[in-house]
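Novice: Next come a sequence and a model predicted from it.
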Amino acid sequence: MMAPTDTHCPYCALQCGMTLVHDGERWTVAARDFPTNKGGLCKKGWTAASLLHSPERLTTALIRDGKGGPLRPASFEEALDRAAAGMRRVQAAHGRDAMAVFGGGGLTNEKAYLLGKFARVALGTANIDYNGRFCMGSGANGNLRAFGIDRGLPFPLSDIPGAEAILLAGGNPAETMPPIMQYFDAQRRRGGTLIVVDPRRTDTAKLAHLHLQITPGTDAALANGMLHVAIRDRLLDEAFIKTRTNGFQAARRICASFWPDRVERITGIPASQVERAAHVMGEAATAMVLSARGAEQQSNGTDNVQAFINLLLALGKAGKVSCGYGCLTGQGNGQGGREHGQKADQLPGYRRLADPAHRAAVAKVWKVDPDSLPQPGLSACELLDAMGGDVRGLLVMASNVVVSAPNAERVRHGLDRLDLLVVADMFLSDTAKLADVVLPITQWAEEEGTMTNLEGRVLLRRRAAEPPAGVRTDAEIMHELARRLGSAATFDAAPREAFEELRRASAGGAADYAGISYERIAAEQGVFWPCPSDGHAGTPRLFLDHFATADGRANFHPVRFNGAAEQPDAEFPYVLTTGRVLSHYQTGAQTRHVPELCAAEPFAFVEIHPDTARGLRIAEGDAVRLSTRRGEAVVRARLSRDIRMDVLFAPFHWGGRATINLLTNPALDPISKIPEFKACAVRAERIEPASPHAASAAVPHPERVEVP
Ligand code: SF4
């Protein structure tokens with residue numbers, strides 16, 4: 001029997017501690033008393049060991065010999081040769097930037113670091129980005145703009161109970177990361193007030209003292225309105241504004257016109273609730289704003305975040321214990337994944353690719369000429385849009401772009417037009433099915449590596465299980481591809497060696513990991529970055545003395561309200577907003593292979609208010625066609641009085657005809673380049689006759705081929 005192994009959940013950014021136990025036949029999960037989850041796990045975590053036993057697991061490399069042909073089994077060596085030759089061919093014919101790389105927020109820090117290095121050094125391409133761009137980009141940019149550094153939470157979770165008031169904008173952690181609710185429960189037990197902003201009366205909103213049931217896309221108007229009330233009713237912290245911030249007067253001027261009646265007309269939130277929320281936040285001794293995808297995944301996402309930060313700064317609720325703004329990062333390593341180089345504009349340690357000094361520092365560690373490093377490339381959606389044009393080849397790791405990206409039909413066409421698509425995955429995902437080369441990989445419990453959770457706490461995932469024959473780690477794949485491409489730089493596939501190099505490459509950067517080691521992480525239950533030296537204790541709380549800006553002050557930015565890029569009209573009369581459910585994670589590429597989770601939530605659905613449904617002659621369980629200007633999806637109706645009558649909600653965890661991102665608007669936030677997943681105009685129609693199978697996730701999307 002193998003020894004129990006302490007590790008962390010393979011899914012979300014809470015990175016709950018768990019122990020993997022083997023009974024001689026199968027792996028099971030036991031909860032672990034770790035500071036983030038304190039013994040709690042959600043059903044995704046409890047069932048995570050099923051992934052290790054899945055009969056659908058890929059254990060053989062696959063190759064497609066010609067466009068339109070079938071995928072066939074191949075040796076790993078042949079698949080790597082095919083991939084490397086294809087990359088060389090694409091770059092010889094179309095230039096280095098024609099070969100692009102798409103990474104993921106699930107990659108360990110080591111793999112995210114190696115992938116950025118692989119793109120810039122082995123391929124020499126500017127074009128690498130990752131699916132984290134679809135998630136936390138607006139929160140990250142709000143943090144950077146206001147505070148000079150992006151760490152999702154600038155404080156540990158243990159600060160949450162101490163906040164007298166919390167405003168949670170666009171998040172439903174009671175479903176997406178349930179163990180975190182322990183901290184909110186403790187806050188309420190201590191007499192704190194919870195305000196939730198959400199178009200749906202979610203499980204989280206049901207726990208709130210005040211639920212602001214907002215029209216999707218209007219968050220900045222709400223935040224400006226709350227600041228208007230705070231100014232009008234003299235709730236400001238003038239001393240804090242004067243000593244620790246810049247730019248208040250411009251924000252004050254913009255907010256002058258956001259009187260509560262006007263905010264009610266824009267947001268649908270009663271003026272009295274806007275006023276009450278402002279007073280709750282302003283009169284509390286300590287307060288936080290936490291944002292999640294609801295406020296962030298909009299074409300004005302960065303401004304939404306900034307507008308809430310403006311409110312906090314004006315109230316003096318930042319840079320103190322149990323105060324501040326935090327972004328509830330979603331993906332398992334969404335935080336670390338955006339720190340170490342797989343973003344289009346970044347180098348390890350949050351260094352900027354456009355900064356000559358930053359380029360020189362990293363090039364020295366990589367032992368390459370700084371001038372050989374490409375400049376910043378295309379962001380995620382721009383990169384996918386360029387497929388078949390300037391981008392002719394794509395390597396995908398830890399991402400399922402054909403389901404996760406907006407306007408998915410266009411993405412699928414782009415993938416079809418590539419000369420080369422290489423996908424590394426543990427399952428034959430919707431994207432892998434379209435690939436020319438599929439490389440089967442190890443999964444979370446079969447390799448070690450570090451993850452950085454939503455608090456900025458660097459954690460250690462340990463290796464528990466032997467991988468099946470026929471798979472390799474992403475790092476081994478990069479090592480082998482780099483060797484075949486004749487790379488000047490080395491790619492050490494051993495996680496510890498890669499982490500040692502990452503430490504050196506991040507030293508002196510904003511996200512400085514130089515003092516973090518596997519041994520320290522294990523001994524200290526994680527280490528918070530920045531941690532610049534071995535003797536440094538790490539930094540659980542940022543900003544207590546000063547903000548990370550050049551002058552140490554936080555920045556207001558005036559936010560004009562623009563609204564969603566696409567508004568409902570006669571043809572598409574409702575607002576579609578997308579999101580997640582308890583039983584699935586992201587595109588379902590993993591959780592749709594867990595029988596317990598599929599049984600709990602087998603079908604894609606759309607949540608509709610019963611009064612809205614009645615007008616559309618839609619009944620519970622009916623097959624419903626959702627249509628937008630970009631495409632159609634078929635899902636089942638789920639009626640609920642918890643949603644606004646003018647809004648439809650659909651989770652995006654399923655593929656095929658139930659791919660909700662066939663509908664979503666790729667309009668980008670100009671700063672974060674996050675797409676507008678949270679608001680687009682939609683029409684809903686009952687399909688006649690309503691078939692119980694019409695909305696099944698099993699209904700296939702038209703694909704190139706079936707796989708043997
Ligand atoms: Fe914890 Fe998230 Fe895993 Fe659930 S999915 S067990 S909340 S890390």
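Specialist: Sure thing, it's come through. Residues are numbered from 1 along each chain as shown.
Novice: give me every residue that touches the residue in the stretch 1-150 of the chain that the ligand sits nearest to.
Specialist: Of all residues in the stretch 1-150 of the chain, the one sitting closest to the ligand is residue 45 (2.4 Å; CB to the nearest ligand atom). Backbone N, C-alpha and C define where each C-beta goes, glycine included. Listed by CB atoms under 8 Å, 6 or more residues apart in numbering, the contact set of residue 45 reads 9, 11, 16, 18, 29, 31.
Novice: What pLDDT is listed against it?
Specialist: Model confidence at residue 45, expressed as pLDDT, equals 95.
Novice: Please apply the same query to residue 496.
Specialist: 96.
Novice: can you list contacts of the helix or strand where it lies?
Specialist: Using DSSP states H and E, residue 496 maps to helix 495-506. Outside helix 495-506, the residues within contact range by CB under 8 Å, 6+ apart are 108-111, 113-114, 339-340, 347-350, 361-362, 365-366, 447-450, 475, 492, 512-518.
Novice: The next helix or strand after it - contacts with which helices or strands?
Specialist: Using DSSP H and E, the helix or strand that follows helix 495-506 in sequence is helix 518-524. With contacts taken as 3 or more CB pairs under 8 Å, 6 or more residues apart in numbering; DSSP states H and E, helix 518-524 sits against strand 457-461.
Novice: can we see that at 10 Å?
Specialist: Here helix 518-524 touches strand 449-452, strand 457-461, helix 495-506, going by 3 or more CB pairs under 10 Å, 6 or more residues apart in numbering; DSSP states H and E.
Novice: Residue 359 should be in a strand, yeah?
Specialist: No - applying DSSP: H, G, I helix; E, B strand; the rest coil, one finds residue 359 to be helix, outside a strand.
Novice: who are the neighbours in contact with it?
Specialist: Residue 359 makes contacts with 120, 347, 351-353, 369-375, as judged by CB atoms under 10 Å, 6 or more residues apart in numbering.
Novice: before we move on, the earlier item: which stretch among the helices and strands packed on helix 518-524 comes nearest residue 80?
Specialist: Closest to residue 80 of the helices and strands packed on helix 518-524 is helix 495-506 (CB to CB; 19.0 Å).
Novice: quick check, distance from that closest one to the centre of its chain.
Specialist: Put simply, helix 495-506 sits 24 Å off its chain's centre (CA atoms, centre = their mean, to the nearest Å).
Novice: Can you point out the buried residues in that helix?
Specialist: Neighbour-count burial for helix 495-506, counted by 16 or more other CB atoms under 10 Å, picks out 495, 498-499, 501-506.
Novice: Would you tell me which one of those comes nearest to residue 687?
Specialist: Nearest to residue 687 among these, counting by CB to CB, is residue 495 at 49.1 Å.
Novice: Give me the spatial nearest neighbour of the spatially most central residue of the chain, chain neighbours excluded.
Specialist: With distances taken as CA atoms, centre = their mean, residue 135 lies nearest the centre of the chain, 3.2 Å away. Take residue 135 and drop its neighbours on the chain: the residue closest to it by CB to CB, 6 or more residues apart in numbering is residue 330, 4.9 Å away.
Novice: check contacts around the one you found.
Specialist: 11-14, 105, 132, 134-136, 139, 152, 171, 176-177, 292-293, 296-297, 454, 580, 585-586.
Novice: Work out for me the element it sits within.
Specialist: Per DSSP H and E, there is no helix or strand for residue 330.
Novice: where does the closest residue to residue 462 other than its chain neighbours land in three-state SS?
Specialist: Sequence neighbours aside, residue 7 is the residue nearest to residue 462 in space, at 4.8 Å (criterion: CB to CB, 6+ apart). What three-state DSSP gives for residue 7 is strand.
Novice: quick one: low-confidence ranges for this protein?
Specialist: Residue ranges of the chain with pLDDT under 70: 1, 688-708.
Novice: Spell out which parts of this structure neighbour the ligand.
Specialist: 9, 11-12, 14-16, 37, 41-42, 44-45, 177-179 (CB under 6 Å from any ligand atom).
Novice: List buried residues within these.
Specialist: Buried subset of the residues of the chain next to the ligand (neighbour count, 16+ other CB under 10 Å): 9, 11-12, 14-16, 37, 41-42, 44-45, 177-179.
Novice: how about the residues you listed, which pair is most distant?
Specialist: Going by CB to CB, the pair spanning these furthest: 15 and 178, at 13.9 Å.
Novice: Which neighbours do the two have in common?
Specialist: Listed contacts common to residue 15 and residue 178 are 37, 45; contacts here mean CB under 10 Å, 6+ apart.
Novice: sorry, back to before: now do the residue nearest to residue 135 against residue 106, distance only.
Specialist: Residue 330 sits 11 Å away from residue 106, going by CB to CB, to the nearest Å.
Novice: Helix or strand: which one has the closest residue to residue 286 other than its chain neighbours?
Specialist: Nearest residue to residue 286, sequence neighbours excluded (CB to CB, 6+ apart): residue 322, at 4.2 Å. Under the criterion of DSSP H and E, residue 322 resides outside all helices and strands.
Novice: quick one: residue 322 and residue 157 touch, right?
Specialist: No - in this structure residue 322 lies outside contact range of residue 157 using CB atoms under 10 Å: 11.3 Å.
Novice: ok, back up a step: got the CA positions of the helix or strand hosting the residue of the stretch 1-150 of the chain closest to the ligand in CSV?
Specialist: Following DSSP H and E, one finds residue 45 within helix 43-46. Output in CSV follows, covering the C-alpha atoms of helix 43-46 (Å, rounded to 0.1, in the frame of the first residue of the first chain):
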residue,chain,number,x,y,z
LYS,A,43,-17.8,17.8,-4.0
LYS,A,44,-15.3,18.5,-6.8
GLY,A,45,-12.4,18.0,-4.4
TRP,A,46,-14.0,15.0,-2.7
